[in-house]
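A.B. asks: Just to be clear, the model below is a prediction. Sequence and coordinates:
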Amino acid sequence: MFIRDEGAGRPLVMIHGWSCPGRFFQGQVEAFRSRARCIVPDLPGHGETGDRLPRSIEAGADAIQAYLEAHDLTDVVLCGWSMGASTAYSLVERHGAERISSVVAIDMTPKVLNGDAWTNGMLNGLTAEYNVNALEAIVTEWASAPGRIAAQLFAADLPVDPELMAFAVKEIGKQDPVFLKAMWASLTNQDFRSFLPEFPVPLHLAAGLRSQLYGPGVHRWYEENVPGVHLHPFENSGHSPHLEEPEKFNGLLMELVGR
């Protein structure tokens, strides 16, 4: 796994979302590398890692854990955005939280697919049945996909910095849709609803209140099912509070890194 490792101090691991490699945390690296050790992986199927690892959430979680062990990193603040949050959950579920002090999940549900009386998956109503077609479309419709994916990262009813949008479209467009298809299949196979109520470390949910992907039902589920969860609402953000409200988001990370 390709891992960017910069700075010194308390380890701050930042795990990116689907189709959006580690460069999407560049703002946080610049803000924190003088006061924390910023560790930013490219998950399987993404960025510089590409096809060097099996394309699955579990493989990503195992590779990050192996890095923490190899460098004997402890007291880690683990921050995951979207698919990155699922990877963080998988890491703690598979390996425990001995090295982890707290987890920040950015705008993520415990289960992406709707169905079986579960309506807190994606707001577009994605089910396992429709996901079959969605998986195929990742490859067959990739030429026009980066723009659509990038637009869904942000609040639909607020203006987006044109440079930020251009960056998102360009970086997403660099990814290999065949690899992304495998990672989407793995992501949509995850279900952490039974694990999160027993989560062993403090969990902070950075919730974009204008998210196009996940709604307030997700926030309520965390509050009702995860003891001690900390909900941090971002009123002017969609799916990407760390990009849309970076000063407020960095303040949250600063509080955790400084503890």
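C.D. replies: That came through fine.
A.B. asks: quick one, strands of the chain?
C.D. replies: 3-6, 10-15, 36-41, 76-81, 100-106, 203-208, 230-234 (DSSP state E).
A.B. asks: Any idea which of those gets closest to Asn124?
C.D. replies: Comparing the strands of the chain by their distance to Asn124 (Cβ to Cβ), the top pick is strand 203-208, with 15.8 Å. Any C-beta I mention is one placed from the backbone N, CA and C, and that applies to glycine too.
A.B. asks: and the angle from that closest one to strand 76-81?
C.D. replies: On the basis of axes from the mean of the first three to the mean of the last three Cα atoms, to 10 degrees, strand 203-208 is oriented at 30 degrees to strand 76-81.
A.B. asks: before we move on, the earlier item: got JSON lines for the strands of the chain, with distance to Ala145, mean pLDDT and mean neighbour count too?
C.D. replies: Shown next, in JSON lines, are the strands of the chain (distance: least, Cβ to Cβ, whole Å; pLDDT from 0 to 100; neighbours: other Cβ atoms under 10 Å):
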{"stretch": "strand 3-6", "distance to Ala145": "25", "mean pLDDT": "98", "mean neighbour count": "16"}
{"stretch": "strand 10-15", "distance to Ala145": "22", "mean pLDDT": "98", "mean neighbour count": "25"}
{"stretch": "strand 36-41", "distance to Ala145": "23", "mean pLDDT": "98", "mean neighbour count": "24"}
{"stretch": "strand 76-81", "distance to Ala145": "19", "mean pLDDT": "98", "mean neighbour count": "26"}
{"stretch": "strand 100-106", "distance to Ala145": "22", "mean pLDDT": "98", "mean neighbour count": "24"}
{"stretch": "strand 203-208", "distance to Ala145": "21", "mean pLDDT": "98", "mean neighbour count": "23"}
{"stretch": "strand 230-234", "distance to Ala145": "26", "mean pLDDT": "98", "mean neighbour count": "16"}
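A.B. asks: Throw these into a markdown table and include distance to Glu93, thanks.
C.D. replies: Formatted as a markdown table, the strands of the chain follow (distance: least, Cβ to Cβ, whole Å):
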| stretch | distance to Glu93 |
| --- | --- |
| strand 3-6 | 21 |
| strand 10-15 | 14 |
| strand 36-41 | 18 |
| strand 76-81 | 13 |
| strand 100-106 | 11 |
| strand 203-208 | 13 |
| strand 230-234 | 20 |
